[in-house]
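S.K.: Here you go, sequence then predicted model.
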Amino acid sequence: MINYKSNRELLEILDNIVIGHPAAKKTLINIINRSRIRYHQAYRLGFPDDKLIEPGKCVLVGDSGTGKTFMINTLRDLVGFPLVKLDASDFIPMG
């Protein structure tokens, strides 16, 4: 079930769970809420495709162990909204 929380509520919860990364937290929260709005418009209200907001997309880049996956999984659990997470490390040439 989707749990509708405001951006401010999600940020307060995430600040208590994840240390640092304020810009990443705000960006992820905004993207997730935009995706929830799009879902609501498309599936609940039946908006035509040309009236829907753009879906949210984001690339998180950082060293291993900095909390990228942890932040995404925590937000997914908080909002109860499906997120797609891809690991691009297999596609990046290491030299």
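M.R.: Happy to help now that I have it.
S.K.: mind checking which helix or strand of the chain has the lowest mean pLDDT?
M.R.: helix 22-39 (a mean of 84; mean pLDDT, DSSP states H and E).
S.K.: What residues of whichever helix or strand comes after that helix count as buried?
M.R.: Using DSSP states H and E, the helix or strand that follows helix 22-39 in sequence is helix 68-79. Residues of helix 68-79 classed as buried: 68, 71-72, 74-75, 78-79 (neighbour count, 16 or more other C-beta atoms under 10 Å). Yep, even glycine has a C-beta here, placed from its N, CA and C like the rest.
S.K.: so where's this structure shaky on pLDDT?
M.R.: Scanning the chain for pLDDT under 70 picks out 1-4, 55, 92-95.
S.K.: repeat that with 90
M.R.: 1-7, 10, 14, 18-21, 24, 27-95 (pLDDT under 90).
S.K.: how much does the least confident helix or strand of the chain deviate in direction from helix 68-79?
M.R.: In terms of direction (axes from the mean of the first three to the mean of the last three C-alpha atoms, to 10 degrees), helix 22-39 departs from helix 68-79 by 40 degrees.
S.K.: tell me what helix 22-39 is packed against?
M.R.: helix 7-17, helix 68-79 (3 or more C-beta pairs under 8 Å, 6 or more residues apart in numbering; DSSP states H and E).
S.K.: Distance to residue 47 added to those helices, as a markdown table?
M.R.: Below are the helices and strands packed on helix 22-39 laid out as a markdown table (distance: least, C-beta to C-beta, whole Å):
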| stretch | distance to residue 47 |
| --- | --- |
| helix 7-17 | 22 |
| helix 68-79 | 21 |
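S.K.: All set, thanks.
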